[in-house]
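**Student:** Requesting a structural model of the entry that follows:
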Amino acid sequence: MIQDVILIIKIISQDVGNQDGHGYLNVTSAIERSCNYFFYETGRRIGIDNLAKYTRHFGLGKKTGIELPGESIGRLNERKEGETWNPGDTIQAAIGQLNNQYTPIQMAKYTSMLANGGKNVKPTLIKSIQKVDGAEIPKEEYEKYFNTKLGITTEEEDGITINPDNLKTVLEGMKDVTSETGGTAYRYFKDFNITVGGKTGTAQVGRQVGDKYEILYSHAWFVGFAPFDNPEIAVVILVERGGAGGYTVEAARDVMAEYFGMNSNNIQENTNAIPSTEVQN
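**Tutor:** Down below sits the predicted model:
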């Protein structure tokens, strides 16, 4: 079970456009404001081994088993036997930097597991398969076929047990990202009809130049789920070289609006349409 990591620390940062920094933060407000410094300290206290263990529990750094050939495993920051690991590596890993490489489908699974309380999620492209006579093929049957065809090795996973109070702390922060004025996605969701949980992210890519590290560009991320109190959909947006994560939020909002029918205006189905079948000679 994940234990509480509720930190109250003084954040002083000059790069946020505020000489006083973010001030005193707990987990919820640190998620809302996307404060790197808070999670640097969180990662330092947790340690890389625990960080990697729980990251893997949420499906990051391993294949999801979706029915696609060549799914990437991604890459997870973790201490390997015989490898030099520095304290600075841990604090970078804590905010998703260093050598972390996660795929959008992995992030969608992660977000879904948070939204449903830690229950394992198996991403799939297939809702059901029917035979020509209308009989439905059992899920176990076609899953076995696809796994064999694609060489997918599945693991039995029960998900992860999370203390409800801890989970509430994290999810409230994700809600505040979209619903509070200090939230990094507030400007796009402030007039949205449905309450959304979300998180922006900026993944920097760089290179070592002598004794300095040079940032080349940044990938922009947004993960979210809705409705907040009874989630139906998880959305992940990645824009390669998109700059800051806030630039992805508008696209995520539009996807959710389409899913929940907010873009529909008096659309009526023609119930008198005559079905037809195309015949090939």
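
**Student:** okay, CA-based contacts and neighbour counts for the rest of this
**Tutor:** OK.

**Student:** where does the residue lying closest to residue 178 once chain neighbours are set aside fall, phi/psi-wise?
**Tutor:** Distances taken as Cα to Cα, 6 or more residues apart in numbering place residue 186 nearest to residue 178, at 4.3 Å, with adjacent residues excluded. Main-chain dihedrals, residue 186, degrees, to the nearest 10: phi -60, psi -40.

**Student:** likewise residue 130?
**Tutor:** phi -120, psi 150.

**Student:** Could you give the number of residues near it?
**Tutor:** As a burial measure, residue 130 scores 10 neighbours (other Cα atoms under 10 Å).

**Student:** again, but for residue 46
**Tutor:** When neighbours are defined as other Cα under 10 Å, residue 46 has 14 of them.

**Student:** before we move on, what about residue 172?
**Tutor:** 18.

**Student:** tell me the SS of it?
**Tutor:** helix (DSSP: H, G, I helix; E, B strand; the rest coil).

**Student:** Quickly note the distance from it to residue 28.
**Tutor:** 6 Å (Cα to Cα, to the nearest Å).

**Student:** now do residue 260
**Tutor:** From residue 260 to residue 28 the distance is 27 Å (Cα to Cα).

**Student:** And those two? Which one has more around it.
**Tutor:** Shown here are residue 260 and residue 28; by other Cα under 10 Å, residue 28 has more neighbours (20 against 16).

**Student:** Help me confirm that that one is found in a helix?
**Tutor:** Yes. Assessed with three-state DSSP, residue 28 lies in a helix.

**Student:** these two touch, right, it and residue 166?
**Tutor:** No. Shown here, residue 28 and residue 166 do not form a contact pair, counting by Cα atoms under 8 Å, at 10.1 Å.

**Student:** you'd agree residue 200 is in a strand?
**Tutor:** Yes. Residue 200: assigned to a strand according to three-state DSSP.

**Student:** Name the residues linked to it by a beta bridge.
**Tutor:** residue 222 (DSSP bridges).

**Student:** re earlier: quick one: contacts for the residue nearest to residue 178?
**Tutor:** Contact analysis of residue 186 by Cα atoms under 8 Å, 6 or more residues apart in numbering lists 177, 178, 179, 180.

**Student:** By neighbour count, which of those wins?
**Tutor:** Result: residue 177 is most packed of the contacts of residue 186 (other Cα under 10 Å), 30 neighbours.

**Student:** Relative to residue 250, how far out is that residue?
**Tutor:** Using Cα to Cα, residue 177 is found at 14 Å from residue 250.

**Student:** Same question for residue 233.
**Tutor:** Counting by Cα to Cα - residue 233 and residue 250 are separated by 16 Å.

**Student:** cool, and residue 116?
**Tutor:** From residue 116 across to residue 250, the span is 24 Å (Cα to Cα).

**Student:** again, but for residue 100
**Tutor:** According to Cα to Cα, residue 100 and residue 250 sit 25 Å apart.

**Student:** Just the buried residues of stretch 33-52, please?
**Tutor:** Within stretch 33-52, the residues scored as buried using 16 or more other Cα atoms under 10 Å are 33-44, 48, 51-52.

**Student:** oh, I was asking about stretch 238-249
**Tutor:** By neighbour count on 16+ other Cα under 10 Å, the buried set for stretch 238-249 is 238, 242, 243, 244, 245, 246, 247, 248, 249.

**Student:** From start to finish, how long is it in a straight line?
**Tutor:** Where stretch 238-249 begins and where it ends lie 10 Å apart, using Cα to Cα.
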